[in-house]
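J.: Below is the sequence, then the predicted model.
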Amino acid sequence: MKKARIFNLQKFSLHDGPGIRTVVFFKGCPLKCPWCSNPESQSRDIQIVWSDKKCNFCEDCGITELDWISRDGKKLIKDDRGNYINMKKISQEEAEILKKKCKTGSLKYEGYDKTVEEIMAEILKDKPFYEQSGGGVTVSGGEVLTQSDIAIEIMKMCKKEGIHTAAETTCYAPHEKFKNFVEYLDLLLCDVKHWDNEKAKKIMGVPLDTIKKNIKYAIGLEKLEVICRVPVIPKFNYTLNDAKKICELLLELGATKVELLPYHNYGENKYKLLNIPYEYDDVEQLHKDDKGFVEYKKVFENYGFNVR
């Protein structure tokens, strides 16, 4: 029986499509965006996370014996950034054993496996809320297209139940896979992060050609609502020239609905727990009423886009 590797199944979400929604967050993403607010979503592997703020160093978990954390005598040693973390691959069963051994709650893991039937059982518990609010189910990530076969099964079942379906995606996947995926969607929330292919490859780790082809195809489907989301990121695409070039790309793709997402650093602490350098630790958050952001938004409005 196929299982999805997810890192969260969030209920009563209000920000991932219309109405009250359940969001299934799939683990694994081919992009490597340094500002990502969910760094635990990037690796497909289950990851052990340890917080020294709660730990009383009882060693009941045996974690030092497994050489997951450096040890000097009886003292656990922090790395050069002051973090404790294990990035070793581990099964869900092993991770659960370690978690249960930890009496202080300092040890946890990111990522777990669920069958389609188990996920649907959780989704259907809240069906009355979807019906009352005009909500539904959103598949997200990470990048949901890395597990599109399982996501399609979930969406098929949702459609049979009359549940509205949406997806948040980078649209980076082989075109035929993408075509099969969007067939079962009512709403596509797709990222348009940049206009320059070389900069995209350098910073995000993937080229734009496939992404543009897939978005253009989706926009051409009459039954599918498409909203292009632009994460506005300092040091990456936060200039008025970038705004202009992204608008020109959106026009080329046939987009009409646009949502601008100001950069935030809500995920910074996750990087510390995962022992991953956070390249944006010196960058201030953006706000919708910032003068620079207002000017950035004005560019899109001048191009005739319906900006959210």
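T.: Right, received. Where do you want to start? Numbers count the residues shown, from 1 in each chain.
J.: residue boundaries of the helices in the stretch 101-250 of the chain?
T.: Per DSSP state H, counting those that start in this stretch, the stretch 101-250 of the chain carries helices over the ranges 116-125, 127-133, 148-160, 175-182, 197-203, 209-219, 240-253.
J.: Format those helices as a markdown table; extra columns: mean neighbour count and mean pLDDT.
T.: C-betas here are computed from N, CA, C, even on glycine. Putting the helices of the stretch 101-250 of the chain into a markdown table (neighbours: other C-beta atoms under 10 Å; pLDDT from 0 to 100) gives the following:
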| stretch | mean neighbour count | mean pLDDT |
| --- | --- | --- |
| helix 116-125 | 16 | 98 |
| helix 127-133 | 15 | 97 |
| helix 148-160 | 19 | 97 |
| helix 175-182 | 16 | 98 |
| helix 197-203 | 15 | 97 |
| helix 209-219 | 19 | 98 |
| helix 240-253 | 17 | 98 |
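J.: helix/strand/coil for Val24?
T.: strand (DSSP: H, G, I helix; E, B strand; the rest coil).
J.: pretty sure Leu274 is touching Glu40, no?
T.: Yes. Between Leu274 and Glu40 there is a contact at 6.3 Å, judged by C-beta atoms under 8 Å.
J.: so what sits against both of those two?
T.: Taking C-beta atoms under 8 Å, 6 or more residues apart in numbering as the criterion, Leu274 and Glu40 both touch Gln47, Val49, Glu110.
J.: right, and the helices of the stretch 101-250 of the chain - which one's nearest Cys228?
T.: Proximity to Cys228 (C-beta to C-beta) singles out helix 240-253 among the helices of the stretch 101-250 of the chain, at 5.9 Å.
J.: Dump that closest one to CSV, restricted to CA.
T.: The C-alpha coordinates for helix 240-253 follow below in CSV (Å, rounded to 0.1, in the frame of the first residue of the first chain):
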residue,chain,number,x,y,z
LEU,A,240,11.3,47.8,-9.6
ASN,A,241,13.1,46.3,-12.6
ASP,A,242,12.4,42.8,-11.3
ALA,A,243,8.8,43.8,-10.8
LYS,A,244,8.6,45.0,-14.4
LYS,A,245,10.2,41.9,-15.8
ILE,A,246,8.0,39.6,-13.8
CYS,A,247,5.0,41.4,-15.1
GLU,A,248,6.1,40.9,-18.6
LEU,A,249,6.6,37.2,-18.0
LEU,A,250,3.1,36.9,-16.4
LEU,A,251,1.6,38.6,-19.5
GLU,A,252,3.5,36.1,-21.7
LEU,A,253,2.0,33.3,-19.6
